[in-house]
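K.L.:
Sequence isn't available, so here's the structure alone:
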RNA sequence: GGGCCUCUAGCUCAGUCGGUAGAGCAGCGGACUUUUAAUCCGUAGGUCGUGGGUUCGAGCCCCACGGGGCCCA
């Protein structure tokens, strides 16, 4: 039990002259402190001054917790008003409400999962000095340990009748007002406050963790090994994107933050890691908005002796299992209340066929580029790097993409925009690649991987020419990767999926809600 | 990159025509033994994002910069 205070209750004249008040700090960079913080610092100092052992003070090493708040609620939530359980428990939680009727004080304690329980401190139970200390020292936001009998209050609220209490961790900053919504900016910049204040914020963390655990479980069931490949790379590759550049002092060389793990995972496949995946961060030095973050979590998986069809099957399973883990069924409910069905066999459509159908004109890999350019011109579609395949992809997005409601694999892309993919086994001019669209946005992409080192080299050379012409997203020629391929890579199906986007598809949230700590300036 | 909106107390927000800066919650002092955002009395708290400008006078008008948001490309 803590020692009650022998000092008088604080007055502002006391606290402003207190040695604990850091306005006296010699550090010139010290922020000017607010009145509320000064008051709390003074309380902290009083707690420290009175501490008799490691279990006292403002920051005890430990407190004798016997139950979580949830356990107490589950075991005794049935108590009738004024009924006592006849059981003594010790619980801890953050003070989120304080009420005081004079000789009886109430506090609502909240645990990290959001469950709450009421603590009741009465004059009769703790005595005059201790009640005064409670009123003096306990603030909203403090972590508090209370021990006492479990009972329901007269109004039926499950409570701890406090026999002993102590501060478990003193809060120096006042908690934000929990009755108003936090502003969007505070939510993102101070996520810890968002987590304290908002049930949905806590749920989002659980949902993401559940979804990622489900992905790993699905992979494990199918014999995939998880690996980690370099994030700092001498040469970035595996995707078309602008990289972040950094510098290694030890090697005295510039390094790139990876834009994709692909070229390393394929090296692993060459080495015989036949089923391999990685869930990790990629970095792309591009714009940030409600659907793009400069750093984002990415899943890539490679299945040797598979192809783009088998890896599509796998992708569908991964997502459906994740949906089931998160919401109990293949039908997920989004934050805005709409339901989205991820169940069943997903549609697989051809890019060229669906484009031809939507545009009302036959478009094939053999359609002259002049015709594509004219069509784009008529439709007002701008094509940044006017090669054949880019026209087709931009036109497809223009004509078809927005109309996709159900989960859909869009199959067979132009060859000249997919330099790491092998050509279709029977259709000329396209590659065995699909994009998965869910509610109109791209969630994943899959391939029959290009394993012929000679053709791969040719494709890289073409990319290098694009780079030389100023395409900052074009790929560099990776000699080490080509050498690995030359030792022989088995036929392989590969897949990449944005984890943040998966969460968006499962929950309907914005990307800043799916990422716990989004990058902010 | 372009357009529009926004930045005021710890938090969430008002602030009229350019004329001494407001509320709720939280804080501080007091009352109250069953409250649930308790209630009641009293009280303190501001570099109005930053820097310029216009004006007798700027939270408000003008310019630049910074943060955030929305829409468009």
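P.N.:
Sure thing, it's come through. Since this is a predicted model, take the numbers as computed values, not measurements.

K.L.:
would residue A:413 count as being in a strand?
P.N.:
Yes - using DSSP: H, G, I helix; E, B strand; the rest coil, the assignment for residue A:413 is a strand.

K.L.:
Could I get the buried residue list for the host helix or strand of residue A:312?
P.N.:
Secondary structure from DSSP states H and E places residue A:312 in helix A:308-327. Within helix A:308-327, the residues that count as buried by 16 or more other CB atoms under 10 Å are A:308-309, A:311-312, A:314-316, A:318-327. (C-beta placed from N, C-alpha, C; glycine too.)

K.L.:
what does stretch A:437-445 give?
P.N.:
A:437-439, A:442-445.

K.L.:
residues in contact with the nearest residue in space to residue A:402 that is not next to it in sequence?
P.N.:
Of all residues not flanking residue A:402 in the chain, residue A:440 sits nearest, at 5.7 Å (CB to CB, 6 or more residues apart in numbering). Contacts for residue A:440 were tallied using CB atoms under 8 Å, 6 or more residues apart in numbering; they are A:401-405.

K.L.:
Of the residues you listed, which belong to helices?
P.N.:
Judged by DSSP state H, helices contain none of the contacts of residue A:440.

K.L.:
out of those residues, which are buried?
P.N.:
The buried subset of the contacts of residue A:440 (16+ other CB under 10 Å) comprises A:401, A:404.

K.L.:
And the contacts of residue A:440, which is closest to RNA strand B?
P.N.:
The closest of the contacts of residue A:440 to RNA strand B turns out to be residue A:402 (CB to the nearest atom of the strand; 11.6 Å).

K.L.:
what does the stretch 1-150 of chain A put close to RNA strand B?
P.N.:
Selection of the stretch 1-150 of chain A residues close to RNA strand B by CB under 7 Å from any atom of the strand yields A:9-12, A:34-36, A:39, A:97-104, A:106, A:108, A:118, A:120, A:122-124, A:139-140.

K.L.:
Quick one: mark the members of those that sit in strands.
P.N.:
Using DSSP state E, the members of these that fall in strands are A:97-100, A:104, A:106, A:108, A:118, A:120, A:122.

K.L.:
Buried ones only from those, please, as a ChimeraX command.
P.N.:
The buried residues among those can be selected in ChimeraX (16+ other CB under 10 Å) with this line:
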select /A:98,106,108,118,120
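
K.L.:
Reformat the buried residues of stretch A:437-445 as a markdown table; add secondary structure, distance to RNA strand B and pLDDT.
P.N.:
Below are the buried residues of stretch A:437-445 laid out as a markdown table (DSSP: H, G, I helix; E, B strand; the rest coil; distance: CB to the nearest atom of the strand, whole Å; pLDDT from 0 to 100):
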| residue | secondary structure | distance to RNA strand B | pLDDT |
| --- | --- | --- | --- |
| A:437 | strand | 19 | 92 |
| A:438 | strand | 19 | 89 |
| A:439 | coil | 15 | 81 |
| A:442 | strand | 16 | 87 |
| A:443 | strand | 20 | 92 |
| A:444 | strand | 23 | 94 |
| A:445 | strand | 21 | 93 |
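
K.L.:
Quick check: the farthest pair among those residues?
P.N.:
Pairwise distances across the buried residues of stretch A:437-445 peak at 16.4 Å for A:439 and A:445 (criterion: CB to CB).

K.L.:
so where is the stretch 401-521 of chain A shaky, pLDDT-wise?
P.N.:
Low-confidence segments of the stretch 401-521 of chain A, defined by pLDDT under 70: A:419.

K.L.:
can you count the residues close to whatever residue of it ends up closest to RNA strand B?
P.N.:
RNA strand B sits closest to residue A:521 of the stretch 401-521 of chain A, with a gap of 3.5 Å, by CB to the nearest atom of the strand. Residue A:521 has 4 neighbouring residues, counting by other CB atoms under 10 Å.

K.L.:
Quick check: it vs residue A:514, distance?
P.N.:
Residue A:521 sits at a distance of 20 Å from residue A:514 (criterion: CB to CB, to the nearest Å).

K.L.:
swap in residue A:160?
P.N.:
36 Å.

K.L.:
now residue A:264
P.N.:
Note on residue A:264: its distance to residue A:514, by CB to CB, is 26 Å.

K.L.:
So between the two, which is more surrounded?
P.N.:
residue A:514 (26 against 22).

K.L.:
Need the phi and psi values for the nearest residue to that one once chain neighbours are set aside.
P.N.:
Excluding the flanking residues, the one nearest residue A:514 by CB to CB, 6+ apart is residue A:503, at 3.9 Å. Residue A:503 has phi and psi values of phi -60, psi -40 when expressed as degrees, to the nearest 10.

K.L.:
which residues sit in contact with residue A:503?
P.N.:
Residues counted as contacts of residue A:503 (CB under 8 Å, 6+ apart) are A:204, A:207-208, A:211, A:509, A:514.

K.L.:
how about those, which pair is most distant?
P.N.:
Greatest spatial distance in the contacts of residue A:503: A:211 and A:509, 12.0 Å, computed using CB to CB.

K.L.:
circling back to that earlier point, near RNA strand B, which of the buried residues of helix A:308-327 show up?
P.N.:
Within the buried residues of helix A:308-327, nothing lies near RNA strand B by CB under 7 Å from any atom of the strand.

K.L.:
Going by neighbour count, list what's buried in the helix ranked longest in chain A.
P.N.:
Secondary structure assigned by DSSP H gives helix A:199-221 as the longest helix of chain A. Residues of helix A:199-221 classed as buried by neighbour count (16+ other CB under 10 Å): A:201-202, A:204, A:207-208, A:211-212, A:214-215, A:218-219.

K.L.:
what do you get for stretch A:153-173?
P.N.:
Buried, per 16+ other CB under 10 Å, within stretch A:153-173: A:153, A:157-168, A:170-172.

K.L.:
tell me which element the residue of the stretch 301-450 of chain A found nearest RNA strand B falls in.
P.N.:
As assessed by CB to the nearest atom of the strand, RNA strand B sits closest to residue A:382 within the stretch 301-450 of chain A, at 5.7 Å. Assigned by DSSP H and E, residue A:382 belongs to neither a helix nor a strand.

K.L.:
show me the contacts for residue A:63.
P.N.:
Neighbour list for residue A:63: A:55, A:90, A:92, A:145, A:166, A:168 [criterion: CB under 8 Å, 6+ apart].
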